[in-house]
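Participant: Provided below are the primary sequence and the corresponding predicted coordinates.
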Amino acid sequence: MNPIYAIINSGYVVSGDVNLTQRALLGISVPTITSGDLTIQGNTDTTSANFLRLLETRAPGSGDLRFATGAGSRMVLVPEDFTTPPYIRLETITAAGSLQADARTLTLLTRPR
């Protein structure tokens, strides 16, 4: 496994671009963040306006793919058959729309595709 790091800077809710063109995502280690959900945005290239949230496709009509986070750290394991777009961003969603008070480093566990 090779880790890749994504940072959500202080005052933001979305990380920078993560290049997964040659990597498969296995899991995400989430540090303590503002209580809410973690979502994944995806795109085929790095054009900022084209990043969109991934949908939960395992259950019909379920909406955005969300992972619960909160006051404690979490390890999100991705199902083996889950395929991400070539480029992703990680986003925190809270009921109050809170921005991160400090920079948060998320560790993505990956393997070669």
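Facilitator: Structure's in. What do you need?
Participant: got the CA coordinates for the worst-scoring helix or strand of the chain on mean pLDDT in PDB?
Facilitator: The helix or strand of the chain with the poorest confidence is strand 66-69; it has a mean of 84 (mean pLDDT, DSSP states H and E). The C-alpha trace of strand 66-69 is given here as PDB (Å, rounded to 0.1, in the frame of the first residue of the first chain):
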ATOM      1  CA  ARG A  66     -21.300   9.900   2.300                       C
ATOM      2  CA  PHE A  67     -19.100   8.600   5.100                       C
ATOM      3  CA  ALA A  68     -20.000   9.600   8.600                       C
ATOM      4  CA  THR A  69     -17.200  11.400  10.500                       C
END
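Participant: mind listing what it pairs with, with the direction of each?
Facilitator: Taking DSSP bridges as the criterion, strand 66-69 forms sheet pairs with strand 36-43 (antiparallel).
Participant: Toward the C-terminus, what is the element adjacent to the partner strand?
Facilitator: The helix or strand immediately downstream of strand 36-43 is strand 52-53, counting by DSSP states H and E.
Participant: Distance from that following strand to the middle of the chain?
Facilitator: Relative to the mean C-alpha coordinate of its chain, strand 52-53 is positioned 10 Å out (C-alpha atoms, centre = their mean, to the nearest Å).
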